[in-house]
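Asks: give me the fold of what follows.
(2 chains)
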2 protein chains.
Amino acid sequence: MLQANASVIIALLMGLVGVWYVLWQFKRVLSYDQGNQTMRDIAQAIQEGASAFLNREYQVLSIFVAIVAVVITVFLHWQTAMSFVFGAIASAGAGYLGMYVAVRANVRTAAAASVGLHEGLRVAFGSGAIMGMSVVSFSLLGMTLLFLFFKGDPNQLTYITGFGFGASSIALFARVGGGIYTKAADVGADLVGKVEQGIPEDDPRNPAVIADNVGDNVGDVAGMGADLFESYSGSIIAAAALGASLGEDAMAFVGLPFLVAAVGVVASLFGIYMVIGGDDSIVLPEALTKHIDKHVHKIDEKASLEDLLAALRHSVWGASAVILGLSLVAVILTGVSFNYWLVILVGLVAGNAIAYVTEYYTSYTEKPTQSIANSCQTGAATTIIQGMAVGMMSTVFPVLITAVAILLSIWLGMKADGSITAGLYAVALAGVGMLSTLGVTLATDAYGPVADNAGGIAEMSHLPKEVRERTDALDSLGNTTAATGKGFAIGSAVLTALALLAAYVTAAKVESLNILSPTMLPGILIGAMMPYFFSALTMMAVGKAAHAIVLEVRRQFKEIPGLMEGTGKPDYRACVGISTEGALREMILPGALAVIVPLVVGFVLGKEALAGLLVGTTASGFLLAVMMANAGGAWDNAKKWIETGEYGGKGSDAHKAAVVGDTVGDPFKDTSGPSLNILIKLMSIVSLVFATSFGSGWFSF
Amino acid sequence: MLQANASVIIALLMGLVGVWYVLWQFKRVLSYDQGNQTMRDIAQAIQEGASAFLNREYQVLSIFVAIVAVVITVFLHWQTAMSFVFGAIASAGAGYLGMYVAVRANVRTAAAASVGLHEGLRVAFGSGAIMGMSVVSFSLLGMTLLFLFFKGDPNQLTYITGFGFGASSIALFARVGGGIYTKAADVGADLVGKVEQGIPEDDPRNPAVIADNVGDNVGDVAGMGADLFESYSGSIIAAAALGASLGEDAMAFVGLPFLVAAVGVVASLFGIYMVIGGDDSIVLPEALTKHIDKHVHKIDEKASLEDLLAALRHSVWGASAVILGLSLVAVILTGVSFNYWLVILVGLVAGNAIAYVTEYYTSYTEKPTQSIANSCQTGAATTIIQGMAVGMMSTVFPVLITAVAILLSIWLGMKADGSITAGLYAVALAGVGMLSTLGVTLATDAYGPVADNAGGIAEMSHLPKEVRERTDALDSLGNTTAATGKGFAIGSAVLTALALLAAYVTAAKVESLNILSPTMLPGILIGAMMPYFFSALTMMAVGKAAHAIVLEVRRQFKEIPGLMEGTGKPDYRACVGISTEGALREMILPGALAVIVPLVVGFVLGKEALAGLLVGTTASGFLLAVMMANAGGAWDNAKKWIETGEYGGKGSDAHKAAVVGDTVGDPFKDTSGPSLNILIKLMSIVSLVFATSFGSGWFSF
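Replies: So this is what the prediction gives:
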């Protein structure tokens, strides 16, 4: 039977394989042609803006990380603090690398799209693959190195929770700050540029256009990457922590999640390969390459959105098939019950099912989004009402799927090993299963902003019309994968949060978890309120930051001579600076809340109330996040549906109403909704890290 | 020590006093002048429309009640079925009476407003008082008669839960059906009348204008009345049921909630008297009358909204003071711990605090609503975003207040009697305390639609301008009390639902309530999803029904010659019929869901999962209801604030954006939001009624 140490070493080795692939792909993407000088200049401006934001963000974060590390050292142990810093650095490193490549791949994608659709897809997807694989491999490397470093210490796994906390802290600020940045720039650019000045989207005369392009990367590459880095690490940590209390074979249970993750590296590489194809490959021997190539989905010039989607879907399915095969081997090697293989299957199926439902509710080829487009005919009010209704309706299946997945996992775990802890371990393992293909699913997601940026660069540097058409095709694909990616992110966040909650309850030795106990009900209610409070803050933050951009853009149009005529040069940096400062300032309060509220509730109302708080936040946050993400996605696509010529097409009254829906949906789907993933995970991991510090609170009953 | 029977008999007697007051006030209101023939004709049309809706609604309901009564008889006992039917009849009776008077008081209020503001307030408030006092006294009479009827039977209190279920069923359909009716008519009338034809609100040429006026009563009189009838009955039933399991002195605990409710009748009559004043009074001896009259808030012609609000606020505070004094006597008489008096105080303070917060977030003299008006300047999208953010932010304090109230109640109860059951009994008692002034608080609420209708009648019958100004003043007051009333309704619904949940857990003998047990987590998640599913259905229902009205109004404008010129007569009945049929058809599915889902979860996943379901629904529904009600109220008043001349006033672009916000807010605050109160209570009471039927479900762990 494979013991934990062996499993962890295998995971470490696969982490190294991942890093090697990242470096190889990095070299490959950067070797592509960057196009003409205009394109290079624009890309340069985006790169500078992105660096400026990330540098400032990481400055703020280092202060935060330093403070928290001191607090952890004083109140807990230096080992946990060290893991915390390590987690923060690993997550920030993956985010930085992903962004670094994304803002360089955008211009190369535009240049490659001048050759053909498949060439463009390859460059953009290569950039996404770097983000996906760095998240997976940095996370695996970090956790396994810490595991081996603390070997022999009985608190080994307790210390490693700090890694998850570090990753969560980065994720919070990356998601919230990135979300505020991207929508403030987007809304600000649109309100003055499109509405007041009547110039098209991505027009180089708009002073906020660079900030808008930077924002796409900041939100959907760095933000999404950090979000899933956290889920990925959190689910493995939670599974390992719960596994450690599973009796005699504990170390086999601790090893299994690492082994499944290791298997996922292979599967993800296979999936990525299915999209990018064989000729560039130096990863696999030629014979195998040729065999696989037969199954690679060929993208030709006339590929429809359906064809492109099918290509990505096949790659995710291919990766899932690899997982299923190899994780069966992993289960056999560790010697645990066959039921745990079924649990991994449950996680994989649930993740894909949620992604499918999300696609149904947000795609304009389906009824829900078309019903919103239909209601655009009677104005903005009915557009909003129908969009809200669709968003609310879209929560039903994701919740049922998750509930069934939890029920089945617990049932399978308990059948195998009797205790409820085994059941909760199975929930965590289902989370690991759901995220095991992360390398490729995140690639399909992080590729979107690259394509979006490529379109902007093509527009701004006046490339031929067919180039823009190709980047638009890639961009549409990116919008759909972004929506399904959000479904995946929230589904995995819920499983991770519940697994962390279970680990917290075990670690804090909460005696009574009675739902009707004195402090539990107030805890649940306050927990359910947190996502609303948090979303209110982030939505207001977008409003404030966008307002500052609007004032600056108006000022430039007024004060810079010849700006509209194209003879004056806009000051892009000013808008980048305003977005950066606004995002950083506004992320502090919601971020601090997520860390402080669990601590306050834990100390004042006691560790039992804290469990209630986490349950309340997870349940209420799940619903609100799905509703906001899907309503936002559906409004966006309802507008796109009308732009295809339905209900009068672009410029009609229906289109104007649809634009209102789209604008409302922006902070829903790109700021507040996704930030809730982090909220629920971060609150859980803060509780887990400080689990042993909480008592029964100030009230005696 | 006063035992249960004595307390119940006192409550019965006070119920009779309430009925006597209702009859006296009924005669008084109907004795007022009805104005000229035009006014009478319009009122006649509204009366016919209201009767048509209620008759059809009660037809549908009798089928539902008959089926459920048979189900209860077969699966439980005939006694519970009898109580169920009794509860349904009592609730429907109170609703019918309230509506009957409201649609007759409207025209009398318009006529009285021709004399003066105070005269108008008196008639309208008298009508509200009838609704308030019939709810309180019918509920008390019904429960006490059943209590005495089943005297000596050990299942006495179990049977009486049927009364709450009956009341809940009526409430569901009254709230959901009424909510759909009122907003379909409102939105439909506005979309064609105001927007397409450019005729003002309440214009007699609009074929949907009568349906719109009927709708105000259907939603805010009958719907709100049934909602609070349910909370009122439910909190008393839950307290009595929990009290019965409180050891030796059980019967004293059972009697206390009845006694507090009895005290509330006196207090409410006092509060009502403080608004209407002394000269009409035949209730109190003259010497006392004169003494009280000194403290009655005088309303003069120049009264501002603040003055009018102060008048109502003083009456509620006066009633609260009476409650505090008399309930201290009640606590002493029953011989229970003094702590329970503090619990009643906690309930009263929490209710008023929630109402205060609601007023703060929805009043246009305060910052939150003004911030929405400010964002109207940048268009409809920012209006919606800011309104949603304000609605979300407005949940923070109501949740904290409720959490603290629960914590304090449980703490006081446990300090007094040791067991957690005593703590949960205290939560139920706090609910009874919160609702003890219902007679007067509901009067302040149910008076609103009467004033609103009076304004419509004044407009349609071309009364002098100052009459409309007076009814507008009364109407504005009604809008504010409607918002605070909604805060009250949801706060009491949460306490009632939690108390019913506790009663369910006791009755179902749920052994484990572990928050991490196998079926609990799926239960909580599905529960949290229910309010979203339910709201999606009700919002879509409004959309569908409003669409049918739009088509009919357009048809009439096209086909009836001389309609716009005022020579042709619109067919009001057609619109009334469409609203009625639409509301009745669309209320079935959400209504059935609320009853069926708890039963399915209880049987399939077991009684433990059902407890999780109820907690999830209560927490998630609380948040969503407060958010929707307050966002809706704030949008409405942001529009009114602009109409006072801010940001360009009526007709400006800011005003147009505000109208979009107001229209989105309509189904939020008048259909979906308030319906959630019923959802959370009905699901709890269905579970309580069938508590003994559930097993451990299909899964064995």
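Asks: shouldn't A:Val689 be in contact with A:Ile72?
Replies: Yes: using CB atoms under 8 Å, A:Val689 makes contact with A:Ile72 at a distance of 7.2 Å. No exception for glycine: its C-beta is placed from N, CA and C like everyone else's.
Asks: near chain B, which residues of the stretch 101-250 of chain A?
Replies: A:191, A:195 (CB under 8 Å from any CB of the partner chain).
Asks: in the stretch 101-250 of chain A, which residue sits closest to chain B?
Replies: Nearest to chain B, among the residues of the stretch 101-250 of chain A, is A:Leu191, at 6.5 Å (CB to the nearest CB).
Asks: nearest residue to that residue in space, please, no chain neighbours.
Replies: Distances taken as CB to CB, 6 or more residues apart in numbering or on different chains put A:Val550 closest to A:Leu191, at 5.4 Å, once the chain neighbours are dropped.
Asks: can you count the residues close to the one you found?
Replies: Neighbourhood size, A:Val550 [other CB atoms under 10 Å in any protein chain shown]: 21.
Asks: about what we covered before: find the residues that touch each one of A:Val689 and A:Ile72.
Replies: When contacts are counted by CB atoms under 8 Å, 6 or more residues apart in numbering or on different chains, A:Val689 and A:Ile72 have A:80, A:84, A:162 as shared neighbours.
Asks: chain center to the helix or strand encompassing A:Met539, what's the gap?
Replies: Per DSSP states H and E: A:Met539 is located in helix A:520-559. In terms of CA atoms, centre = their mean, to the nearest Å, the centre of helix A:520-559 is found 20 Å from the chain centre.
Asks: give the next helix or strand downstream of it.
Replies: According to DSSP H and E, the helix or strand after helix A:520-559 is helix A:572-604.
Asks: is the helix or strand harbouring A:Trp635 anywhere near chain B?
Replies: Element membership of A:Trp635, judged by DSSP H and E, is helix A:607-643. Yes: legend: contact between helix A:607-643 and chain B by CB under 8 Å from any CB is shown at A:611-612, A:615-616, A:619-620, A:622-623, A:627.
Asks: so which residue is smack in the middle of chain A?
Replies: In chain A, the residue lying closest to the centroid (CA atoms, centre = their mean) is A:Met224, at 2.8 Å.
Asks: send the alpha carbons of whichever strand or helix holds it over as CSV?
Replies: If you go by DSSP H and E, A:Met224 is part of helix A:224-243. Provided in CSV are the C-alpha atoms of helix A:224-243 (Å, rounded to 0.1, in the frame of the first residue of the first chain):
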residue,chain,number,x,y,z
MET,A,224,-9.6,33.7,-11.7
GLY,A,225,-6.2,32.0,-11.3
ALA,A,226,-5.8,33.0,-7.7
ASP,A,227,-9.5,32.0,-7.0
LEU,A,228,-8.9,28.5,-8.3
PHE,A,229,-5.4,28.2,-6.8
GLU,A,230,-7.2,28.7,-3.5
SER,A,231,-9.9,26.1,-4.2
TYR,A,232,-7.3,23.6,-5.5
SER,A,233,-5.0,24.0,-2.5
GLY,A,234,-7.9,24.2,-0.1
SER,A,235,-9.6,21.0,-1.2
ILE,A,236,-6.3,19.0,-1.0
ILE,A,237,-5.5,20.5,2.4
ALA,A,238,-9.0,19.7,3.7
ALA,A,239,-9.0,16.2,2.4
ALA,A,240,-5.5,15.5,3.9
ALA,A,241,-6.5,17.0,7.3
LEU,A,242,-9.7,15.0,7.5
GLY,A,243,-7.9,11.9,6.2
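Asks: who are the packing partners of that helix?
Replies: helix A:78-113, helix A:117-149, helix A:156-189, helix A:250-276, helix A:420-435, helix A:438-460, helix A:465-508, helix A:673-689 (3 or more CB pairs under 8 Å, 6 or more residues apart in numbering or on different chains; DSSP states H and E).
Asks: contact partners for the residue of the stretch 101-250 of chain A closest to chain B?
Replies: Applying CB under 8 Å, 6+ apart, the residues near A:Leu191 are A:546, A:550, B:378-379.
Asks: for it, give me the pLDDT.
Replies: Each residue has a pLDDT score; the one for A:Leu191 is 78.
Asks: could you do A:Val218 as well?
Replies: 85.
Asks: that one belongs to a helix?
Replies: Yes: counting by DSSP: H, G, I helix; E, B strand; the rest coil, A:Val218 is located in a helix.
Asks: burial count for it?
Replies: Residues near A:Val218, counting by other CB under 10 Å: 32.
Asks: does it really touch A:Met99, like I thought?
Replies: Yes: A:Val218 lies in contact with A:Met99 (CB under 8 Å); the separation is 7.4 Å.
Asks: before we move on, the earlier item: quick one: name whatever helix or strand follows the helix holding A:Trp635.
Replies: helix A:653-667.
Asks: one step back: nearest to B:Ala43, of the contacts of A:Leu191?
Replies: Relative to B:Ala43, the closest of the contacts of A:Leu191 is B:Gly379; by CB to CB it sits at 40.7 Å.
Asks: from what I can see that closest one touches B:Ala657, true?
Replies: Yes: at 5.3 Å, B:Gly379 and B:Ala657 qualify as touching, with contact defined as CB under 8 Å.
Asks: those two - which one has more neighbours?
Replies: Using other CB under 10 Å as the criterion, B:Gly379 and B:Ala657 rank with B:Ala657 on top: 28 against 20.
Asks: quick one: the more buried one and A:Tyr647, what's the gap?
Replies: 22 Å (CB to CB, to the nearest Å).
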